[in-house]
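Engineer: make a model of this:
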Amino acid sequence: MRRRAVEEKPKTKRGWSAFADHDEAGSCKSGPSIAANRIAARAAGLALAVLLALLAPAGAGAEEAVRAPLAIRSLLLDGAASGSRLVVVGERGHILVSTDGGARWTQAKVPVRALLTAVHMHDERTGWAVGHDAAILRTRDGGETWTLLHRAPEEERPLLDVWFRDDRAGFAVGAYGYFLATRDGGETWTSRTVGEDDFHLNALIPAAGKRRLYIAAEAGVVYRSDDGGGTWRKLSPPYAGSWFGGLALGEDEVLLAGLRGHLFRSGDAGESWTRVPTGIAATLTGAVRLPSGRIAIVGLEGAVLVSADGGRSVTSRGLPSREGVSAALPLPDGGVLLIGEFGVRRLAD
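Structural biologist: The predicted structure is shown next:
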């Protein structure tokens with residue numbers, strides 16, 4: 001995921017097919033090179049092949065995002081919901097906002113053109129987004145406008161996820177063990193170390209109480225904090241591939257989603273794990289709890305899995321188009337908003 005200035009290559013399916021598969025040990029099996037595959041991996045969280053978006057010329061990220069009439073149909077990677085407000089982020093600094101459940105979208109004013117990988121809304125007014133060039137943005141008007149708080153392209157480490165406990169304390173994580181913490185709403189950030197390895201930190205997974213947190217990482221590694229992110233313990237689920245998302249179902253129950261359709265569930269805060277059969281080999285990128293109580297797990301190749309028993313079993317509702325899905329959001333009317341290479345798409349629960 002280290003961002004380099006390389007020659008742009010022709011895109012295929014918006015670059016998603018450039019995603020390199022890995023074996024059980026997490027080593028690369030295919031793709032142009034390890035460096036290029038790391039560039040292609042989405043972070044937050046997610047290992048998505050967004051090679052085209054990641055091959056922007058050096059310095060492009062510092063420019064203001066271009067207003068594009070079809071931005072809502074461009075590559076989008078993450079979203080956040082707060083009340084009736086939805087915010088989605090993606091390529092070229094695109095941030096879009098909806099206040100009517102996703103029926104209509106307005107493109108926000110954004111001071112960067114870098115790929116944005118994750119967004120977190122604390123409430124209907126305040127939120128943060130992160131992405132390449134280690135960009136961290138904040139909104140105080142519900143996503144309509146954004147201010148650049150942090151940017152470090154010289155570090156060549158993209159940020160892949162962001163989460164805030166309240167309007168002051170939060171974390172941003174990314175490639176090569178990148179971990180930033182703030183206690184002033186993002187005005188200043190402190191670099192910290194989670195573990196001895198420089199594994200990519202792909203996704204932050206908060207439990208309901210906000211004291212227990214998980215980080216989904218590569219090489220089969222998961223980190224857990226029981227003190228709100230102050231200290232971290234390395235967990236080792238029985239799978240050596242990368243994890244790209246997950247969902248905490250309570251203080252002790254958590255789902256992990258990763259490469260090749262791997263889905264694991266723990267009922268004891270990660271001390272032991274049970275594999276959940278999915279019947280698919282597509283990479284899973286995230287999970288969300290729906291208003292009905294059911295759980296949706298999404299991924300590449302149009303993967304959409306639904307669980308009605310707390311993640312103990314799943315059924316497939318994959319997209320016929322097989323377009324990659326990066327994230328999902330619950331909608332106020334009970335539906336699901338899918339986010340991916342197609343932009344956004346509604347799916348009935």
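Engineer: so where do the strands sit in the stretch 101-250 of the chain?
Structural biologist: Under the criterion DSSP state E, counting those that start in this stretch, the stretch 101-250 of the chain contains strands at 106-107, 116-121, 127-131, 136-139, 147-150, 159-164, 170-174, 179-182, 190-191, 201-206, 213-217, 222-225, 233-235, 243-248.
Engineer: partners of the first one in the sheet?
Structural biologist: With DSSP bridges as the criterion, the sheet partners recorded for strand 106-107 are strand 95-98 (antiparallel).
Engineer: tally of neighbours for residue 80?
Structural biologist: Neighbours of residue 80 under the rule other C-beta atoms under 10 Å: 21. (Glycine included, C-beta is placed from N, CA and C.)
Engineer: how close does it get to residue 246?
Structural biologist: Going from residue 80 to residue 246 by C-beta to C-beta, to the nearest Å gives 16 Å.
Engineer: what's near enough to touch residue 197?
Structural biologist: Contact partners of residue 197, counting by C-beta atoms under 8 Å, 6 or more residues apart in numbering, are 177, 219, 221.
Engineer: residue 307 touches residue 293, doesn't it?
Structural biologist: No. Counting by C-beta atoms under 8 Å, residue 307 does not reach residue 293; the two are 9.9 Å apart.
Engineer: who's more crowded, those two?
Structural biologist: A direct count of neighbours by other C-beta under 10 Å for residue 307 and residue 293 places residue 307 higher, at 23 against 11.
Engineer: tell me if residue 79 really is in a helix.
Structural biologist: No. Counting by DSSP: H, G, I helix; E, B strand; the rest coil, one finds residue 79 to be strand, located in no helix.
Engineer: OK, contacts around the nearest residue to it once chain neighbours are set aside?
Structural biologist: In space, and not counting its chain neighbours, residue 79 is closest to residue 88: 4.1 Å by C-beta to C-beta, 6 or more residues apart in numbering. Residues counted as contacts of residue 88 (C-beta under 8 Å, 6+ apart) are 72, 76, 78, 79, 95, 96, 105, 119, 339, 344.
Engineer: ok, whichever strand or helix holds the last one: who's next to it in the sheet?
Structural biologist: Assigned by DSSP states H and E, residue 344 belongs to strand 343-347. Here strand 343-347 has these sheet partners by DSSP bridges: strand 336-340 (antiparallel).
Engineer: other residues contacting the partner strand?
Structural biologist: Residues contacting strand 336-340 (C-beta under 8 Å, 6+ apart): 75-79, 86, 88, 90, 102, 288, 290, 296, 298, 304, 319, 323-331, 344-349.
Engineer: quick one: buried ones out of these?
Structural biologist: Restricting the contacts of strand 336-340 to buried positions leaves 75-79, 86, 88, 90, 102, 288, 290, 296, 298, 304, 319, 323-331, 344-345, 347, 349, with burial counted as 16 or more other C-beta atoms under 10 Å.
Engineer: which parts of stretch 243-255 are buried?
Structural biologist: Residues 243, 244, 245, 246, 247, 248, 249, 253, 254, 255 are the ones in stretch 243-255 that count as buried (16+ other C-beta under 10 Å).
Engineer: scratch that, stretch 179-196
Structural biologist: Going by neighbour count (16+ other C-beta under 10 Å), the buried part of stretch 179-196 is 179, 180, 181, 182, 185, 186, 189, 194, 195.
Engineer: between these, which is closest to residue 68?
Structural biologist: Top of the list for closeness to residue 68, among the buried residues of stretch 179-196 and by C-beta to C-beta, is residue 186 at 26.4 Å.
Engineer: and the pLDDT at the nearest residue to that closest one once chain neighbours are set aside?
Structural biologist: Of all residues not flanking residue 186 in the chain, residue 149 sits nearest, at 4.6 Å (C-beta to C-beta, 6+ apart). Per-residue confidence (pLDDT) for residue 149: 98.
Engineer: number of residues surrounding residue 149?
Structural biologist: Residue 149 has 17 neighbours, counted by other C-beta under 10 Å.
Engineer: check the one 4 residues further on too.
Structural biologist: For residue 153, the number of neighbouring residues by other C-beta under 10 Å comes to 18.
Engineer: ok, the residue lying closest to it once chain neighbours are set aside to residue 157 distance?
Structural biologist: Counting by C-beta to C-beta, 6+ apart, residue 153 lies nearest to residue 133, which is 4.1 Å off, once chain neighbours are set aside. Taking C-beta to C-beta as the measure, residue 133 falls 9 Å from residue 157.
Engineer: between those two, who's got more neighbours?
Structural biologist: Using other C-beta under 10 Å, the more surrounded residue of residue 133 and residue 157 is residue 133, with 28 against 21.
Engineer: return the distance of that one relative to residue 88.
Structural biologist: 20 Å.
Engineer: quick one, what contacts residue 96?
Structural biologist: 71, 72, 76, 87, 88, 105, 106, 107, 108.
Engineer: perfect, that will be all.
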